[in-house]
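> Structure of the sequence below:
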Amino acid sequence: MIILYSEAPRGKRKRAEEGCSQSVEEGTSKVPNTEAPARKKRKVAATRPKRTTRGEKNATEPEAPREKRKRVEEGDRKSFREGTSKFPHTEAPAGKATEPDTFKSHYVVGDKLGQGGFGSVFKGRRVSDGLQVAIKFVSKRKTGRYLYSPVESKAVPAEVALMQIMSQPPVCKNIVQLIEWFDEPQRYILILERPDPCMDLESFLKKQGNCMDEDVARAIMVQAVEAASQCSKRGVLHRDLKGDNFLINTDTLVVKLIDFGCGDLIKKTPYDRYAGTFRYCPPEFFVQGSYDADPATVWSLGVLLFRMVYGNLPFASKFETMVGIFVFKDGLSKECRNLIAWCLEWLPSKRPSLQQIKQHEWFECTIQD
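Residues are numbered from 1 along each chain as shown. Predicted structure coming up:
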């Protein structure tokens with residue numbers, strides 16, 4: 001059998017042989033063998049992307065300047081060492097831990113002072129200047145009444161609107177002032193002035209033996225009437241005038257009316273709902289289901305005066321209030337008995353006005369013109 005093959009020219013064959021000899025000596029021979037061929041490994045390497053020079057890379061894609069890239073790399077290393085790396089993580093940013101202009105950022109809450117039907121009152125302190133205040137928290141679930149605020153020109157909780165009206169200048173020294181308020185999703189918060197030292201009038205009465213002499217009662221009553229009169233002049237019905245809702249400074253005997261949570265704006269037509277304390281409620285509401293603002297206020301003041309000088313309420317039940325009969329005890333001046341009887345007239349039309357109460361002879365020694 002004859003095998004035909006072509007032979008490379010002598011010059012090329014010689015160079016190929018020399019190249020093969022050199023490859024064998026250097027361990028880079030291209031001759032295949034049974035082991036994992038080096039040729040194959042190099043072939044894999046040959047499939048990798050072609051290396052490019054810096055000039056070629058600049059021609060195909062942008063690259064940050066050398067100095068800027070160096071600063072960024074140094075900054076990243078520094079951030080990593082100091083724990084301030086800018087890489088995202090799952091924790092909330094530290095900057096959102098506190099929010100500005102919130103109640104908690106402005107006030108510190110102290111001990112509890114008392115609790116009413118709609119909320120709780122605590123001692124408080126303003127962070128900016130240390131002002132001592134009273135802080136009242138009111139749940140929106142318990143009171144859903146809103147009134148138009150002439151101060152904010154929008155609807156706000158009724159208590160806030162009434163206190164804003166009463167806190168406008170000229171202020172009445174016998175009504176506690178609203179400093180500011182906060183509106184939160186589940187509650188609203190009232191920041192109020194807090195006299196010191198003070199307690200509510202009911203607690204003060206109990207410390208005095210549950211009643212007081214006429215001179216002290218007169219000094220307190222004239223202030224209570226003034227507070228009620230100022231409310232009436234500004235179109236506000238407090239509707240819950242009682243000992244618990246008057247604060248008294250135990251050093252000066254200055255009295256301030258608080259808690260407008262049961263209040264409303266005065267209207268010309270009668271009210272068909274009573275939101276105050278029933279022991280201070282006028283008989284016309286029980287009899288005919290309605291009442292007017294000022295006569296109801298005068299009735300409550302008569303009950304309050306009776307409570308201060310006698311140590312108990314004139315009517316113990318709804319029935320006694322409807323009948324309107326009460327008994328005076330000995331030891332009370334004729335002028336004081338006369339004023340109480342006038343305020344507790346069964347017919348609203350026979351009761352005095354707030355101005356007539358202020359001009360009553362029992363107040364002659366304390367009324368200032």
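> dump the residue contacts of residue 306.
Residues near residue 306 by C-beta atoms under 8 Å, 6 or more residues apart in numbering: 313-314, 326, 340, 344. Where C-beta positions appear, they are placed from N, C-alpha and C, glycine not excepted.
> so of these, which ones are in strands?
Among the contacts of residue 306, no member falls in strands (criterion: DSSP state E).
> Using a markdown table, please lay out those together with pLDDT, neighbour count and distance to residue 193.
Formatted as a markdown table, the contacts of residue 306 follow (pLDDT from 0 to 100; neighbours: other C-beta atoms under 10 Å; distance: C-beta to C-beta, whole Å):
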| residue | pLDDT | neighbour count | distance to residue 193 |
| --- | --- | --- | --- |
| 313 | 96 | 17 | 29 |
| 314 | 96 | 20 | 32 |
| 326 | 92 | 18 | 36 |
| 340 | 98 | 22 | 31 |
| 344 | 98 | 23 | 32 |
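> Taking the residues you listed together, which two end up most distant?
Using C-beta to C-beta, the two most remote members of those are 313 and 340, lying 12.1 Å apart.
> ok, back up a step: dump the contacts of residue 306 into a markdown table; add distance to residue 138 as well.
Converted to a markdown table, the contacts of residue 306 look like this (distance: C-beta to C-beta, whole Å):
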| residue | distance to residue 138 |
| --- | --- |
| 313 | 27 |
| 314 | 31 |
| 326 | 35 |
| 340 | 34 |
| 344 | 32 |
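> Which one of these is nearest to residue 243?
Distances from residue 243 to the contacts of residue 306, taken by C-beta to C-beta, are shortest for residue 313, at 10.0 Å.
> Distance of that closest one relative to residue 196?
If you measure residue 313 against residue 196 using C-beta to C-beta, to the nearest Å, the figure is 29 Å.
> And for residue 218?
Residue 218 sits at a distance of 25 Å from residue 196 (criterion: C-beta to C-beta).
> And for residue 165?
The gap separating residue 165 from residue 196 is 25 Å, by C-beta to C-beta.
> next one: residue 359
Using C-beta to C-beta, residue 359 is found at 33 Å from residue 196.
> Next: residue 292.
Residue 292 is 37 Å from residue 196, where distance means C-beta to C-beta.
> Look at those two and report which has more neighbours.
Taking other C-beta atoms under 10 Å, residue 292 and residue 196 do not tie; residue 292 has more neighbours (18 against 10).
> My read is that that one contacts residue 348, right?
Yes - counting by C-beta atoms under 8 Å, residue 292 does reach residue 348; the two are 6.3 Å apart.
> Quick one: the strands in the stretch 251-369 of the chain, in order.
Counting by DSSP state E, counting those that start in this stretch, one finds strands in the stretch 251-369 of the chain at the ranges 255-257, 264-265.
> Now render the ones you listed as a markdown table, adding mean pLDDT, mean neighbour count and distance to residue 281.
Shown next, in a markdown table, are these (pLDDT from 0 to 100; neighbours: other C-beta atoms under 10 Å; distance: least, C-beta to C-beta, whole Å):
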| stretch | mean pLDDT | mean neighbour count | distance to residue 281 |
| --- | --- | --- | --- |
| strand 255-257 | 98 | 24 | 18 |
| strand 264-265 | 97 | 18 | 14 |
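> Please produce TSV containing the ones you listed, extended by distance to residue 186.
Formatted as TSV, these follow (distance: least, C-beta to C-beta, whole Å):
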stretch	distance to residue 186
strand 255-257	28
strand 264-265	24
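> now for these, which one comes closest to residue 148?
Of all the strands of the stretch 251-369 of the chain, strand 264-265 comes closest under C-beta to C-beta, at 8.8 Å.
> From the chain's centroid, how far away is the closest one?
23 Å (C-alpha atoms, centre = their mean, to the nearest Å).
> Also stretch 285-300?
Offset of stretch 285-300 from its chain centre (C-alpha atoms, centre = their mean): 34 Å.
> start to end distance for that stretch?
Terminal residues of stretch 285-300 are spaced 13 Å apart (C-alpha to C-alpha, to the nearest Å).
> Counting neighbours, which bits of it end up buried?
Neighbour-count burial for stretch 285-300, with 16 or more other C-beta atoms under 10 Å as criterion, is recorded at 285, 291-300.
> One more: stretch 224-236?
Residues of stretch 224-236 classed as buried: 224-232, 236 (neighbour count, 16+ other C-beta under 10 Å).
> how close does the nearest residue to residue 193 once chain neighbours are set aside sit to residue 273?
Excluding the flanking residues, the one nearest residue 193 by C-beta to C-beta, 6 or more residues apart in numbering is residue 177, at 4.6 Å. Residue 177 sits 28 Å away from residue 273, going by C-beta to C-beta.
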